[in-house]
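1. pasting a predicted model and its sequence here:
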Amino acid sequence: MAELQNNIARLEEYLAPFREGMVSNLVNGEAIPAKSGATFETTSPVDDSVIATVAKGGAEDIDAAAKAAKDAFAEWRDFPLAERKKVLHRIADAIVDRAEEIAFCECWDTGQALRFMSKAALRGAENFRFFADRAPSARDGQSLPSPTLMNVTTRVPIGPVGVITPWNTPFMLSTWKIAPALAAGCTVVHKPAEFSPVTARILAEIALDAGLPAGVWNVVNGFGEDAGRALTEHPDIKAIAFVGESKTGSMIMKQGADTLKRVHFELGGKNPVVVFDDADLDRALDAAIFMIYSLNGERCTSSSRLLVQSSVAAEFKAKLIERVNNIKVGHPLDPATEVGPLIHKVHLDKVTSYFDIAKADGATIAAGGETTGDKGCFVKPTLFTDAKPDMRIAQEEIFGPVLTMIEFDTEEEALEIANGVEYGLTGYVWTNDLTRALRFTNKLEAGMIWVNSENVRHLPTPFGGVKASGIGRDGGDWSFEFYMEQKHVGFALGDHKIQRLGA
Ligand code: NAD
């Protein structure tokens, strides 16, 4: 309790600059309000209180930011590579220095528990370090010689890019997108989620302090339908890296069509964790619980569908119910808290609407199934059992601490259920039969699969989904593939013959 009170007091120090002023836009190195003067309020899901006033950017702010990014592009593209690497490392250093401030503000703005946000802030620094080290070689291409031509490819940054991020773990996700863009030599206009603008602003300020030239990284706050839309339609913005809902991705693709935008989408998921009866059931239980109830279940890679082989389902379910009922729901700044409040009242209503849907469709609410606390957006960790694969709770992304358990008899049935949704982001398979693991993962429709493990993100590996879960991959060189263009140059060798016309 004393630790929580200390944390709340320190949070006030960190929020003071925003409370006295506002969460401004950052365009061409200047902290400015929206050109129209419009603002909106960001509130905390802990107690619904107003955190700060936020600049409500629109098309004219996006236009100014895109111009700044365009004007700064040549300088950043040609920035000495060793210096580019140093700037990105300085950003990482400053994130580490300010990690507590970032974690506290993120907890208060999003409701995520401190135990996870402390790590997420440091993970943001790692994202910058990883790409800082790769910045000097980002332009590397290939030599593809033929008998008459010395063919060389190089990669060049695509130009100013737009980055649009969601409200779940917004700090970490922003670093994930922006670090490789900068390492590639692109300039950036970032439109953070309207529900969680605070840490995006801190991050851009860190970058400016670290020596990033003005205009290289711009932030325009605002809503999807105006600031977001204007960014996707702007002719000077060459590509959009978007993380959010599948239906928003579809809208962005349409909006970007006229200007032929390159798009990279990380979208929704309804990810299966499949537990076979030969698995280490205790480890599978730990992982299944972690992957749906950590980060409030507001996580694209969460294992929101639990498929358990019927021979072990009763035993697994009994242990699961006990553990779910034991999860500590509380204030996100309390180090003991495991699940905090959901991001916003609107989202709370969406998540809780599935309690009635589950009952109406004939499933059982075996744990949770109600809100908790007299203020804020708190919900009890929830478990649906007796679910069938075609129920809405087994098909739709709920995006909260809500798990749907489905039983299966055979491997074929498990595969059919696992693949029987529109999404394909991640999958988790628990078995000690190596041949089964190979056979099952080979047919499982997902961009990322872990066997006998929870989600462990290793930065050089490709991250992304199939089906309605995304287009493109992040991580390692895959990020550079998106933010850069391949350029081919053929040098004629001496005996290369040129056809003569009219001779
Ligand atoms: P969202 O799609 O509602 O909003 C995301 C961002 O898009 C926000 O900044 C919003 O302002 C903006 N936006 C909305 N409409 C727009 C438009 N017409 N044009 C341009 N921008 C627009 O998503 P959300 O509710 O903030 O985030 C949750 C979703 O994100 C979930 O579906 C989750 O699965 C997904 N997600 C996916 C990944 C992944 O890696 N696949 C990671 C995190 C979150």
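-> Yes, it's here.
2. going by C-alpha atoms from here, please, whenever you check contacts or count neighbours.
-> OK.
3. next one: phi and psi at the residue lying closest to Leu459 once chain neighbours are set aside?
-> Leaving aside its sequence neighbours, Leu459 sits nearest to Gly475 (CA to CA, 6 or more residues apart in numbering; 5.4 Å). Here is the backbone geometry of Gly475 (degrees, to the nearest 10): phi 100, psi 140.
4. how many neighbouring residues does Gly475 have?
-> By other CA atoms under 10 Å, 22 other residues sit near Gly475.
5. give the contact list for it.
-> Residues in contact with Gly475 (CA atoms under 8 Å, 6 or more residues apart in numbering) are 459-463.
6. what's the separation between Gly427 and the ligand?
-> Gly427 is 13 Å from the ligand, where distance means CA to the nearest ligand atom, to the nearest Å.
7. in what helix or strand does the residue lying closest to that residue once chain neighbours are set aside lie?
-> Of all residues beyond its chain neighbours, the one nearest Gly427 is Ile449 (4.6 Å), with distances taken as CA to CA, 6+ apart. Secondary structure from DSSP states H and E places Ile449 in strand 448-451.
8. just to revisit the earlier point, go ahead and confirm the residue nearest to Gly427 touches Ala437.
-> No: Ile449 lies out of contact with Ala437 (CA atoms under 8 Å); the separation is 10.6 Å.
9. so which of the two has more stuff around it?
-> More crowded of Ile449 and Ala437, by other CA under 10 Å: Ile449, with 21 against 16.
10. show me the shaky parts of the stretch 101-250 of the chain.
-> Applying pLDDT under 70 to the stretch 101-250 of the chain flags no residue at all.
11. one more time with 90, if that's ok
-> Along the stretch 101-250 of the chain, segments meeting pLDDT under 90 span 147.
12. contact partners of stretch 195-213?
-> With contact meaning CA under 8 Å, 6+ apart, stretch 195-213 is reached by 23-26, 29, 42-43, 54, 72, 76, 87-88, 90-91, 94-95, 102, 105-106, 109-110, 167, 170-171, 174, 192, 214, 217-219, 221, 343-344.
13. before we move on, what about stretch 306-313?
-> Contacting residues not belonging to stretch 306-313 are listed as 272-277, 288, 316, 403-410, 414, 418 [CA under 8 Å, 6+ apart].
14. name the residues of the chain found near the ligand, please.
-> 164-167, 191-194, 223-225, 228-229, 243-245, 248, 251-252, 266-269, 299-300, 469 (CA under 6 Å from any ligand atom).
15. inside helices: which ones of these?
-> Counting by DSSP state H, those place 229, 248, 251-252 in helices.
16. and which of those residues is nearest to Leu444?
-> Comparing these against Leu444 with CA to CA places Thr248 closest, at 25.4 Å.
17. return the set of buried residues in stretch 236-247.
-> 236-246 (16 or more other CA atoms under 10 Å).
18. joint contacts of Ile449 and Ala437?
-> Val429.
19. so the residue most central in space within the chain: helix, strand or coil?
-> With distances taken as CA atoms, centre = their mean, Leu173 lies nearest the centre of the chain, 4.2 Å away. Classification of Leu173 using DSSP: H, G, I helix; E, B strand; the rest coil returns helix.
20. do Thr42 as well
-> Judged by three-state DSSP, the three-state class of Thr42 is strand.
21. contact partners for it?
-> Neighbours of Thr42 in contact, by CA under 8 Å, 6+ apart: 50-54, 109, 194-197.
22. change it to 10 Å
-> If you count contacts by CA atoms under 10 Å, 6 or more residues apart in numbering, Thr42 has them with 23, 48-54, 109, 194-198, 344.
23. ok, so of the residues you listed, who is nearest the ligand?
-> Nearest to the ligand out of those is Glu194 (CA to the nearest ligand atom; 5.7 Å).
24. and that closest one, its phi and psi?
-> phi -70, psi -30.
25. quick check: pLDDT value at Gly494.
-> Gly494 carries a pLDDT value of 79.
26. shouldn't it be within a helix?
-> No: the assignment for Gly494, made by three-state DSSP, is coil rather than a helix.
27. now it: how far from Asn296?
-> Separation of Gly494 from Asn296 (CA to CA, to the nearest Å) stands at 65 Å.
28. just the buried residues of stretch 236-247: which are in strands?
-> Among the buried residues of stretch 236-247, the residues falling in strands (DSSP state E) are 239-243.
29. okay if I get those as JSON lines plus distance to Pro332?
-> JSON lines is the format used below for these (distance: CA to CA, whole Å):
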{"residue": "Ala239", "distance to Pro332": "35"}
{"residue": "Ile240", "distance to Pro332": "32"}
{"residue": "Ala241", "distance to Pro332": "29"}
{"residue": "Phe242", "distance to Pro332": "27"}
{"residue": "Val243", "distance to Pro332": "24"}
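30. quick one: which of the residues you listed is nearest the ligand?
-> Once CA to the nearest ligand atom is applied, the member of those that ends up nearest the ligand is Val243, at 5.2 Å.
31. contacts only, for the closest one.
-> Val243 is in contact with 163-168, 170, 173-174, 177, 193, 249, 264-268, 300, 470, counting by CA under 10 Å, 6+ apart.
32. how about 6 Å then?
-> Contacts for Val243 (CA atoms under 6 Å, 6 or more residues apart in numbering) come out as 165, 265-267.
33. excluding its backbone neighbours, what's nearest it?
-> Nearest residue to Val243, sequence neighbours excluded (CA to CA, 6+ apart): Glu266, at 4.7 Å.
34. format the contacts of Val243 as TSV; extra columns: neighbour count and distance to Glu3.
-> Output for these, formatted as TSV (neighbours: other CA atoms under 10 Å; distance: CA to CA, whole Å):
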residue	neighbour count	distance to Glu3
Thr165	25	32
Phe265	27	40
Glu266	26	37
Leu267	28	37
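35. where does the residue of the chain most remote from its centre land on pLDDT?
-> Distance from the C-alpha centroid of the chain, by CA atoms, centre = their mean, peaks at Ala503 (61.3 Å). Looking at Ala503, its pLDDT stands at 90.
36. rewinding a little: if any of the contacts of Thr42 are buried, put those into a ChimeraX selection.
-> Applying 16+ other CA under 10 Å to the contacts of Thr42, the buried members can be selected in ChimeraX as follows:
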select :23,51,52,53,54,109,194,195,196,197,198,344
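37. quick one: which of the contacts of Thr42 sit in strands?
-> Using DSSP E, the members of the contacts of Thr42 that fall within strands are 50-54.
38. what sits up against the longest helix belonging to the chain?
-> Longest among the helix segments of the chain by residue count, using DSSP H, is helix 114-134. Surrounding helix 114-134, the residues in contact under the criterion CA under 6 Å, 6+ apart are 85, 88-89, 92, 95, 99, 103, 172, 175-176, 179-180, 183, 332-333, 335.
39. most neighbours out of the residues you listed, which is it?
-> The most crowded member of these, judged by other CA under 10 Å, is Ala183 (31 neighbours).
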